[in-house]
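**Q** Using only what follows, build the 3D model:
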Amino acid sequence: MELPDVVTAVRLVRTGESSARELVQACLDRLAEANADLNAFAHIDADGALLTADRVDAARRAGETLGPLAGVPFGVKDLEDCAGMPTTRGSRWYSSRPPAVRDDLHVGRFRSAGAIPIGKTTTPEFGAWGYTASPLLGVTRNPWRLDRTPGGSSGGTAAAVAAGVIPFGTASDGGGSIRGPGSSCGLPGLKPTYGRVPTFGVTRHAQNAVNFALATTVADTALLFDVVVGPDRRDRTSIPHPGFRYTEAIEQLDVGGLRATWSSDLGFVVVDPEVEAITSRAAESLIDAARLVRSSVDVRLDDFIRVYVLMEGADQFVDVPDDWEQRLDELDPRVVDGWRRARAITLATFARVERDRRRIELRVAELFEHTDVLLTPTNACPPFAAEGPMPTMIGGRPCHGGHAALLTMLANVVNLPSITLPAGFTADGLPIGLMVTAQRHREDVCLRLARIWEQHAPWPRHAPTR
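**A** Numbering: from 1, shown residues only. Purely as a prediction, here's the structure:
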């Protein structure tokens with residue numbers, strides 16, 4: 001059977017038109033067909049998923065109340081814990097650890113809502129790159145073109161969702177790891193405000209990384225968001241529930257008259273000319289479709305890659321093996337230098353990083369005094385080689401390796417909600433994303449604009465794997 005989207009899958013299970021077992025088996029069958037090409041899953045728990053599906057079906061037959069995601073299969077990113085499954089983080093350091101004994105908070109909320117995990121999706125080592133490849137898990141490929149990356153670090157989830165292997169999968173975003181893969185695979189992808197989705201196992205000092213999911217439609221994204229938002233007493237940074245449902249906001253929120261600013265490069269990012277052309281046209285169309293007001297704010301920031309890298313480094317030593325310094329040879333050679341540099345950072349250096357971050361926060365706060373929505377490309381270039389590395393040449397212009405992801409990083413540095421939307425395709429058929437960044441805590445604006453765009457310019461739900 002062709003895999004339905006999340007909203008449809010929920011309806012099929014509730015009405016009995018399809019069983020949860022049939023949906024899980026369809027995912028497993030599709031996974032068997034596609035994973036040899038994609039390498040999107042690092043671990044599969046077929047028996048556990050089918051057993052859980054049978055329990056959902058038995059509950060439906062008994063007339064029990066079903067959760068809002070009852071019977072929907074999903075994948076869990078291998079940076080995140082799912083009870084009973086291993087968490088390798090794409091690294092040999094963790095490859096021999098026993099299965100997790102508890103779920104990460106958002107994973108647990110999806111499971112409590114009735115969703116059924118079928119396995120763990122691939123990620124680069126520690127989620128460090130904007131592509132998905134590691135010595136432990138191998139190279140993950142883009143279903144639109146197998147020689148290209150699906151992005152990172154949620155590349156396994158993005159590839160599996162875009163290829164129709166799973167209706168949705170969990171994802172995290174510390175510098176663009178939901179939005180970058182969403183853009184690369186032709187999916188919508190929401191990065192929430194930090195604290196909107198409670199966490200415990202991810203960044204707590206830098207407060208840049210958030211957990212959520214990737215799906216194929218805006219309605220699916222809103223439904224999943226409704227399931228996971230709201231505080232948890234175990235997360236001191238979690239924020240109150242917004243007091244409304246995002247599934248209603250995507251249809252009802254009035255966004256007409258909001259001010260929108262377009263920037264192709266934030267004033268400094270090297271962007272591929274074809275990407276700029278595709279996304280600028282999409283931005284103009286979205287402004288017209290949503291009845292936004294064009295703002296002429298001049299967006300000029302300085303390169304913040306050093307601030308981002310050092311800021312993020314604050315959390316990487318929280319859960320490492322005690323003998324990690326003697327085990328650097330087990331890591332991807334491309335990440336080793338970063339570990340060595342981070343080891344030498346002093347508190348005084350980190351304080352200067354925080355000072356520089358505050359300057360960026362103030363500059364962006366001033367920008368949002370004059371606009372409500374910032375529109376940019378999501379990625380600075382089309383999907384590049386699946387094996388990596390990050391490109392140091394974009395559109396014929398030299399740049400450092402962070403440029404491919406700098407546009408997405410801004411929302412993580414200053415804690416803003418941001419969503420990528422499929423904007424079109426390059427001449428050789430690669431997906432390109434338009435990014436919508438809103439005022440802090442206004443995920444409803446992001447999702448409502450995404451819904452308007454989805455109605456105005458519908459996108460293919462599944463990629464033709466090739």
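**Q** Okay, strands next: where are they in the stretch 51-200 of the chain?
**A** 73-77, 116-121, 133-134, 138-139, 168-173, 189-191 (DSSP state E, counting those that start in this stretch).
**Q** Go ahead and name everything in contact with the second one.
**A** Applying CB atoms under 8 Å, 6 or more residues apart in numbering, the external contacts of strand 116-121 come out as 20, 24, 27-28, 31, 40-46, 48-49, 52-53, 56, 71-78, 82, 85-88, 107, 110-111, 154, 156-157, 160, 166, 169-170. Every C-beta, even on glycine, is put in place using the N, C-alpha and C of the backbone.
**Q** And the buried ones among these, selectable in PyMOL?
**A** Those of the contacts of strand 116-121 that count as buried under 16 or more other CB atoms under 10 Å are selected in PyMOL with:
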select buried, resi 20+24+27+28+31+40+41+42+43+44+45+48+49+52+53+56+71+72+73+74+75+76+77+78+82+85+86+87+88+107+110+111+154+156+157+160+166+169+170
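**Q** Just put the strands of the stretch 51-200 of the chain in CSV and tack on distance to Arg14 and mean pLDDT.
**A** Putting these into CSV (distance: least, CB to CB, whole Å; pLDDT from 0 to 100) gives the following:
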stretch, distance to Arg14, mean pLDDT
strand 73-77, 15, 98
strand 116-121, 15, 98
strand 133-134, 39, 96
strand 138-139, 38, 98
strand 168-173, 17, 98
strand 189-191, 25, 98
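**Q** what's the most buried one of the ones you listed?
**A** strand 189-191 (a mean of 33; mean count of other CB atoms under 10 Å).
**Q** neighbours around Ser264, how many?
**A** 20 (other CB atoms under 10 Å).
**Q** The one 10 residues further on now?
**A** Neighbouring residues of Glu274 were enumerated by other CB under 10 Å; the total is 17.
**Q** mind listing what it touches?
**A** Counted by CB under 8 Å, 6+ apart, Glu274 has contacts 382, 395, 426-427, 432.
**Q** Then Thr349?
**A** Thr349 makes contact with Leu310 under the criterion CB under 8 Å, 6+ apart.
**Q** Which element, helix or strand, includes it?
**A** Following DSSP states H and E, one finds Thr349 within helix 347-367.
**Q** Pick out the residue nearest the middle of the chain.
**A** Ile178 (1.4 Å; CA atoms, centre = their mean).
**Q** my read: that residue touches Ser154, true?
**A** Yes. In terms of CB atoms under 8 Å, Ile178 counts as a neighbour of Ser154; the distance is 5.7 Å.
**Q** which residues do those two both contact?
**A** With CB under 8 Å, 6+ apart as the test, Ile178 and Ser154 both reach 171-172, 214.
**Q** Can you tell me, leaving aside adjacent residues, what's nearest to Val269?
**A** Leu406 (4.9 Å; CB to CB, 6 or more residues apart in numbering).
**Q** for that neighbour, what are its contacts?
**A** Counted by CB under 8 Å, 6+ apart, Leu406 has contacts 266, 269, 303-305, 380.
**Q** which residues are in contact with the worst-scoring helix or strand of the chain on mean pLDDT?
**A** Taking mean pLDDT, DSSP states H and E as the measure, the chain has helix 333-343 as its least confident helix or strand, at a mean of 84. Residues outside helix 333-343 that contact it (CB under 8 Å, 6+ apart): 125-126, 128-129, 309-310, 313, 316-317, 324-325, 328, 331, 388-389.
**Q** any idea how far the residue lying farthest from the centre of the chain is from Ala40?
**A** Centroid-distance maximum for the chain: Ala62 at 36.7 Å, with CA atoms, centre = their mean. Distance of Ala62 to Ala40, given as CB to CB, to the nearest Å: 35 Å.
**Q** that older thread, output the contacting helices and strands for the next helix-or-strand element following the helix holding Thr349.
**A** Using DSSP H and E, the helix or strand that follows helix 347-367 towards the C-terminus is strand 373-377. Applying 3 or more CB pairs under 8 Å, 6 or more residues apart in numbering; DSSP states H and E, one finds that strand 373-377 makes contact with strand 259-262, helix 273-290, strand 431-438.
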